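Got a sequence here, can you model it:
(chains A and B)
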Amino acid sequence: MKVRVRFAPSPTGSPHIGNIRTAVFDWLFARHEGGTFVLRIEDTDRTRLVPGALEEIMRDLKWAGLQWDEGPDIGGPYGPYTQSERLENYQKYAQQLIDQGLVYKCYCTSERLGEMRKQQEAEKRPTGYDRRCRNLSAEERAKLDAEGMPFVVRFAMPESGTTTFKDLVRGEVSFDNSLQDDFVMLKSDGFPTYHFASVVDDHLMQITHVLRGEEWISSAPKHVQLYKALGWEQPVWVHPPLILGSDRSKLSKRHGSVNFSTYIEEGYLPEAMINYLALLGWSPAEDRDLYDIGELVEKFTLEGIINHPAIFDAQKLLWMNGQYIRKKSVKELTDLVLPYLKKAGLAPESLSDAEMDYMSKVVSLIQDRLRVLSEAPELAEFFLVDELNYEPKALDKWIKKPETPAILEKVADKVETLDDWSIENIETAVREAGVEAGAEGGKVIHPVRAASTGRTVGPGLFETLELLGKDRVVTRLKKAAKMS
RNA sequence: GGCGCCAUGGUCCAUCGGUUAGGACACGUCUCUUUCAAGGACGUAAGACGGGUUCGACUCCCGUUGGCGCUACCA
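Numbers count the residues shown, from 1 in each chain, chains lettered A, B, ... in the order given. Reported below is the predicted structural model:
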């Protein structure tokens, strides 16, 4: 049987790391198996819809390279792929179940339900619907319906026995039916709840494997019972572990940077994100961390999914991103970095060939120091501005030292006479000038760096000077010489 | 509280009865070096606890403890 998996987000906000991790597993599994990856939108809660959320979900997935084969925008054989456009399906099966007496209409008001819960909590009893409407007589129902009472449709759970299902990650899991709730499957607005809609759609869309976060495992018995009532074959259940924040609780807004889009903006690379996320809760059982997308697809199996939660480690992600940045060619990296430099006002909207050439030289000098693209402006600034921004430390520690002006003058004079502006010649000249001024090695190099870049740290000094060019270097040295 | 899931260094994972318990991030030291990185070398650091089973348990079973999740007309 051909594998079909779905990623089924609800458009109620920005996708976070955990959502995308699930999508990564879905996509990897589908690709590994030569199966189909479906994107389905679960917009059944009309009160929580967020405008633009759907667009952001699709943009994030595309950015990460997690292209779906069927979905709301591209259609497919089992569409539509948006639940609000599939209401007749839910109505139809709900009615079928009502007719079979497996589910029932419930006319209890939310006020009554609230009071009931309050009392249950006060008495320290398990909360849950007391099934008052489950055994209404036909006359009572007819009367309520005639009065036009609003109702929900509830599933009549078996009152005894256990519901057992097999989860690929955890083995057999059982729940005591007597503790289960007669859950709502159709709300009073006629929309289905998640439990009902996802079961109906997974069946109709021929989903073979349901991958979803571990938070769903406690409601799985509801879904299993629904499959039984409808006489449908269950999919393979797969509940990967949750991703936790550093405080060990389920990832949520309060954990700061959990929005996936934030990582895109900060300049993480898709290949690094996929690599990192794939390794959160899954392992190819090797002592290795860096895998390109192709390897991931090749190695991904459901058996490799871990059964315990993983804490999101932003530090390791950062390291991994640096690894991928280092693998880029200078050309590729320049293209990636350019938007960030433009945004910072350090690069023009369009570059001439010469400017482009210069830019890639800048990029090649900062490549080893870059961990995320957004660090580029800070690292490259002194290559791209006319007026230097001197960091206080550069001023205090070097430029404003009494012996510095003499050293800088000397270096400026010597370097100015250079005909061949090569790294080797520059180094020789700077060092010689230093010796003549009584400052060897670091004693000359540090002041020169501070004067020519305004910084105390940066790429190799002679490469830096070479790229800066003679005119700029001489000007900056002479200017700094007068600053102390 | 009830129910469920889980338990190897600070973090992510490996080891699926016999290993000096391995790799990576982070951290520390050293090296390279003009600095910061990058790279290289080395190091600190782990089987929650208690019972079993077994010739032998990190590994299997039970209990305890702990963590997390669910407990909505949200997903």
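
what's around A:Met253, how many residues?
Let me fix one detail, which is that residue A:253 is Lys and not Met. Neighbour count of A:Lys253, defined by other CB atoms under 10 Å: 10. C-beta here means a position set from N, CA and C on the backbone, and glycine is covered the same way.

Show me which residues of the stretch 301-450 of chain A sit near RNA strand B.
Within reach of RNA strand B by CB under 7 Å from any atom of the strand, the stretch 301-450 of chain A has these residues: A:304, A:306-311, A:313, A:315-316, A:319, A:322-323, A:326, A:368-369, A:441-442, A:445-446, A:449.

all helices of the stretch 201-350 of chain A, in order?
In the stretch 201-350 of chain A, the helices defined using DSSP state H, counting those that start in this stretch lie at A:220-230, A:260-266, A:270-278, A:293-299, A:314-327, A:330-343.

How about the third one and RNA strand B, any contact?
Looking back up the chat, that one is helix A:270-278. No. Legend: contact between helix A:270-278 and RNA strand B by CB under 7 Å from any atom of the strand is lacking; minimum distance shown is 8.4 Å.

cool, and stretch A:209-228?
Yes. Residues of stretch A:209-228 contacting RNA strand B under CB under 7 Å from any atom of the strand: A:Glu214, A:Glu215, A:Trp216, A:Ile217, A:Ser218, A:Ser219.

returning to that earlier point: filter the residues of the stretch 301-450 of chain A next to RNA strand B down to the ones in strands?
Those of these mapping onto strands are A:Ala310, A:Ile311, per DSSP state E.

just the buried members of the residues of the stretch 301-450 of chain A next to RNA strand B?
Among those, those buried by neighbour count (16 or more other CB atoms under 10 Å) are A:Pro309, A:Ala310, A:Gly322, A:Gln323, A:Arg369, A:Ile445, A:His446, A:Arg449.

Please list all residues in contact with A:Arg141.
A:Lys105 (CB atoms under 8 Å, 6 or more residues apart in numbering).

so what pLDDT did it get?
pLDDT, A:Arg141: 93.

Tell me how far it lies from A:Phe196.
20 Å (CB to CB, to the nearest Å).

what's the answer for A:Pro80, then?
17 Å.

Looking at those two, which is more packed in?
Using other CB under 10 Å as the criterion, A:Pro80 and A:Phe196 rank with A:Phe196 on top: 26 against 15.

in what helix or strand does the more buried one lie?
helix A:194-204 (DSSP states H and E).

which strands and helices sit next to the helix or strand harbouring A:Ala480?
Element membership of A:Ala480, judged by DSSP H and E, is helix A:470-481. Under the contact criterion of 3 or more CB pairs under 8 Å, 6 or more residues apart in numbering; DSSP states H and E, helix A:470-481 touches helix A:404-416, helix A:442-453.

In terms of mean pLDDT, which of these ranks lowest?
helix A:404-416 (a mean of 90).

Give the buried residues for the helix holding A:Phe196.
By neighbour count on 16+ other CB under 10 Å, the buried set for helix A:194-204 is A:Tyr194, A:His195, A:Phe196, A:Ala197, A:Ser198, A:Val199, A:Val200, A:Asp201, A:Asp202, A:His203.

Now for those residues: which two are most distant?
Farthest pair in the buried residues of helix A:194-204 (CB to CB) is A:Tyr194 and A:His203. Separation: 14.7 Å.

returning to that earlier point: which pair in the buried ones among the residues of the stretch 301-450 of chain A next to RNA strand B spans the largest distance?
A:Pro309 and A:Ile445 (49.7 Å).

coming back round to it: out of the buried residues of helix A:194-204, which touch RNA strand B?
Within those, those near RNA strand B by CB under 7 Å from any atom of the strand are A:Tyr194.

top helix in chain A by residue count?
Criterion DSSP state H: the longest helix present in chain A is helix A:17-33.

What is that one packed up against?
If you count contacts as 3+ CB pairs under 8 Å, 6+ apart, helix A:17-33 packs onto strand A:4-7, strand A:36-39, helix A:53-63, strand A:209-211, strand A:243-244, helix A:260-266, helix A:270-278, helix A:293-299.

and it, what's its mean pLDDT?
On average, helix A:17-33 scores 97.

How about stretch A:368-385?
96.

first vs last residue of that stretch, how far apart are they?
Using CA to CA, to the nearest Å, one end of stretch A:368-385 lies 22 Å from the other.

can you list the residues that contact it?
Stretch A:368-385 has contacts (CB under 8 Å, 6+ apart) with A:265-269, A:318-319, A:321-322, A:325-326, A:333, A:336-337, A:340-341, A:343-344, A:346-347, A:362-363, A:365-366, A:388-389, A:452-455, A:458-459, A:464, A:467-468.

which of those residues count as buried?
Listed as buried from the contacts of stretch A:368-385 are A:266-269, A:318, A:321-322, A:325, A:333, A:336-337, A:340-341, A:346-347, A:362-363, A:365-366, A:388, A:452-455, A:458-459, A:464, A:467-468; burial here means 16+ other CB under 10 Å.

what separates A:Gln234 from A:Met116, distance-wise?
32 Å.

low-confidence ranges in chain A?
Per-residue confidence for chain A (pLDDT under 70) gives these ranges: A:484.

Show me which residues of the stretch 101-250 of chain A sit near RNA strand B.
Counting by CB under 7 Å from any atom of the strand, the stretch 101-250 of chain A sits next to RNA strand B at A:108-110, A:113, A:117, A:124, A:126-129, A:150, A:152, A:170-171, A:173-176, A:179, A:181, A:184, A:187-189, A:191, A:193-194, A:214-219, A:241-242, A:244, A:247-250.
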